[in-house]
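> when you get a sec, could you give me coordinates for this:
(one chain, ligands or ions: 1)
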Amino acid sequence: MRGNFNKRPGSGFNSGSRSSAYGRGFGRGGGRGRGFTGSRIDESKFINKATANNKAVEYAPTHEFSDYAIDQQLKNNISEKGYVKPTAIQDKAIAEILEGKDIIGMADTGTGKTAAFLIPLIDKVIKNKKEKVLIMAPTRELALQINAEFRDFAKGLGIYSAAIVGGGGMREQIMQLRRGCNVLIGTPGRLKDLMERGHIGLAECRNVVLDEADRMLDMGFINDIKLILGKMPQEKQVLLFSATLSREIETLSQSFLKNPIKIETKLRDTSSNVDQDIIRVGMAEDKTEVLHNLLIKENFKKVLIFGTTKMGVERLSNNLNARGFKTVSIHGDKTQSGRQLALKLFKENKINILVATDVAARGLDIPEVSHVINFEIPKTFEDYVHRIGRTGRADKKGTALTFVGGKTAAKDSASSGAGRSRHFSSRSFGGGKYR
Ligand code: AMP
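Coordinates of the predicted model:
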């Protein structure tokens, strides 16, 4: 039987306004208007040698997946995914969640936190198909990544999810909701929209996950989150995951969590696997040219380039395409299907250069990124740490390079550069204009 989130008629909501997404500083810059800008981060913080012994100390879990009193098919699905033993966050959180406790999990992406909340919640739904689960995540990509993982774990179990993300087709999402589902995974803005339109009712939903809660607050989702949580029953299980524990997170948890168990897992310093250095560019020098000369090097195998603005990112991606590199871009001005396709092509190594705003800095699990390049300096040091955390994953060594100084030519007319690239085909994807 499919659960359903259909809203009872007649209970409209007032709007909770949301401030814009990435305009504000993360952490330090909060509340200061234009806030703490990248140019004020000490350059020395962008230089660091990866520690020689960069292998994380292997975590010895106290549980095995087979120990948990969870459904056998769910166990089969876990091993089919190749998970042999729980990661630290799974080891510490799954048993507590199975007991119905509220959790504050201090864990970043890459630690296995998605399975830490999905496994016990899926089991809860298997045991009572009337249970409903709401999972909120800051970005569409992260929500869709969680949904993909949900589908793997839920195989053959007769429980269903709907992904409710901004940018995706609203009608298709409404159809999914009408068909009924046990698990809703979405971004707060779109969830609120569909609640207000009467398509989502949360009066029966007693399980909620706030994933990357710090990021959601930084993106200005606080009012939406409070509004959504306020529509759920008083008695509910709340699981909050956050990489940092700010005052705002504490306040949120005091309002909505009951006697939460705090779980902290830090296997290693995120950046200890990453060789970090700066690329100093003369004031009159063209940064794109310098970047070009890096990208043609053999060891720049899979490169994630960060810019700050949506326009700047799109322009850089187009300029690199015109120079003969194959790139895709991801930023808030692209359609959701364009963003998903770009990410897929990059993840699957079909395209080896992704140019992105900070929308790709957190949460995304992209294998084998050899280099992160900060073409523009991030707004805050926290953003920097998240950006460079996209490389050096799974105990591999990565490299992060940060451009300092230089200028970007307003119009890059380097199309004649096609063919200069040794390692990237001169064909630009989709004629250089990616959709
Ligand atoms: P996450 O932090 O949830 O984004 O997970 C990071 C990566 O670790 C994903 O690729 C997961 O598939 C993988 N992963 C999660 N749990 C385990 C596990 N117990 N064993 C092996 N890989 C895992």
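
> can you give me the pLDDT of Arg393?
At Arg393, the predicted lDDT confidence score is 71.

> one more: the one 3 residues further on?
At Lys396 the predicted local distance difference test score is 74.

> for the remainder of this discussion, apply numbering that starts at 39.
All right, first residue 39 from here; so that's Lys434.

> if I read this right, it contacts Val407, doesn't it?
No. Applying C-beta atoms under 8 Å, one finds Lys434 not in contact with Val407, separated by 9.1 Å. Backbone N, C-alpha and C define where each C-beta goes, glycine included.

> looking at those two, which one has more neighbours?
Val407 (25 against 14; other C-beta atoms under 10 Å).

> separation between the more buried one and Val247?
Going from Val407 to Val247 by C-beta to C-beta, to the nearest Å gives 26 Å.

> got the residues of the stretch 39-188 of the chain near the ligand?
Residues of the stretch 39-188 of the chain lying close to the ligand (C-beta under 6 Å from any ligand atom) are 121, 124-125, 128, 147-153.

> minimum pLDDT in these, which residue is that?
Least confident of those in the model: Thr147, at 70.

> that residue reaches Ile404, doesn't it?
No. Checked against C-beta under 8 Å, the pair Thr147 and Ile404 is beyond contact range at 10.4 Å.

> higher neighbour count, the two?
Thr147 (21 against 15).

> got the contact list for that one?
180, 250, 400-403, 427 (C-beta atoms under 8 Å, 6 or more residues apart in numbering).

> pull the contacting residues for whichever residue of the stretch 289-438 of the chain sits closest to the ligand.
Closest to the ligand within the stretch 289-438 of the chain is Asp403: 4.4 Å, counting by C-beta to the nearest ligand atom. Neighbour list for Asp403: 147-148, 183, 431 [criterion: C-beta under 8 Å, 6+ apart].

> again, only using 7 Å
147-148, 183 (C-beta atoms under 7 Å, 6 or more residues apart in numbering).

> which of the residues you listed fall in helices?
Among these, the members falling in helices (DSSP state H) are Gln183.

> quick check: mean pLDDT across the strand or helix carrying Val276?
Here Val276 sits within strand 275-280, counting by DSSP states H and E. Mean pLDDT, strand 275-280: 96.

> same question, stretch 388-400
Stretch 388-400 shows a mean pLDDT of 89.

> could you dump that stretch to PDB, C-alpha only?
This file holds the C-alpha atoms of stretch 388-400, laid out as PDB (Å, rounded to 0.1, in the frame of the first residue of the first chain):
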ATOM      1  CA  LYS A 388      31.900  11.500 -20.200                       C
ATOM      2  CA  ILE A 389      32.900  15.200 -19.600                       C
ATOM      3  CA  ASN A 390      36.000  15.900 -17.600                       C
ATOM      4  CA  ILE A 391      35.500  19.500 -16.700                       C
ATOM      5  CA  LEU A 392      32.600  20.900 -14.600                       C
ATOM      6  CA  VAL A 393      32.400  24.600 -14.000                       C
ATOM      7  CA  ALA A 394      30.200  25.400 -11.100                       C
ATOM      8  CA  THR A 395      28.900  27.900  -8.500                       C
ATOM      9  CA  ASP A 396      28.900  26.800  -4.900                       C
ATOM     10  CA  VAL A 397      25.700  24.900  -5.600                       C
ATOM     11  CA  ALA A 398      28.100  22.000  -6.300                       C
ATOM     12  CA  ALA A 399      30.400  22.700  -3.300                       C
ATOM     13  CA  ARG A 400      28.500  20.600  -0.800                       C
END
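
> residues contacting that stretch, please?
Applying C-beta under 7 Å, 6+ apart, the external contacts of stretch 388-400 come out as 60, 147, 177, 250, 253, 333, 339-346, 348, 351, 354-355, 358, 363-370, 380, 383-384, 416, 421, 424-425, 462, 467.

> at 6 Å what do you get?
Here stretch 388-400 makes contact (C-beta atoms under 6 Å, 6 or more residues apart in numbering) with 60, 177, 253, 340-344, 348, 351, 354-355, 363-369, 383-384, 421, 424-425.

> need the pLDDT of Ser104.
95.

> please save the CA atoms from the lengthiest strand in the chain in PDB.
The single longest strand within the chain, with elements called by DSSP state E, is strand 312-324. Taking Å, rounded to 0.1, in the frame of the first residue of the first chain, the C-alpha atoms of strand 312-324 are listed here in PDB:
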ATOM      1  CA  VAL A 312      44.300  17.600  -0.500                       C
ATOM      2  CA  ASP A 313      47.400  19.300  -1.800                       C
ATOM      3  CA  GLN A 314      46.500  23.000  -1.700                       C
ATOM      4  CA  ASP A 315      48.300  25.800  -3.500                       C
ATOM      5  CA  ILE A 316      47.600  29.200  -5.000                       C
ATOM      6  CA  ILE A 317      48.100  30.200  -8.600                       C
ATOM      7  CA  ARG A 318      49.300  33.800  -8.500                       C
ATOM      8  CA  VAL A 319      48.200  35.700 -11.700                       C
ATOM      9  CA  GLY A 320      49.600  39.100 -12.600                       C
ATOM     10  CA  MET A 321      47.100  41.900 -12.600                       C
ATOM     11  CA  ALA A 322      47.300  42.300 -16.400                       C
ATOM     12  CA  GLU A 323      47.300  38.600 -17.100                       C
ATOM     13  CA  ASP A 324      44.200  36.800 -18.400                       C
END
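
> so for it, mean pLDDT?
Per-residue scores along strand 312-324 average to 87.

> can you mark which positions in it are buried?
Under the neighbour-count criterion of 16 or more other C-beta atoms under 10 Å, strand 312-324 has 312-314, 316-317, 319, 324 buried.

> tilt between the helix or strand harbouring Glu420 and strand 312-324?
Glu420 belongs to helix 419-426 when assigned by DSSP H and E. Using axes from the mean of the first three to the mean of the last three C-alpha atoms, to 10 degrees, the direction of helix 419-426 lies 100 degrees away from that of strand 312-324.

> quick one: contacts of the following helix or strand past helix 419-426?
For helix 419-426, the succeeding helix or strand toward the C-terminus, using DSSP H and E, is strand 436-445. Residues outside strand 436-445 that contact it (C-beta under 6 Å, 6+ apart): 81, 84, 312-319, 321, 323, 325, 409-413, 426, 429-430.

> partners of strand 436-445, with directions?
Applying DSSP bridges, strand 436-445 is found paired with strand 312-324 (parallel), strand 409-412 (parallel).

> give the buried residues for it.
Neighbour count says strand 436-445 has 436-441, 444 buried, by 16+ other C-beta under 10 Å.
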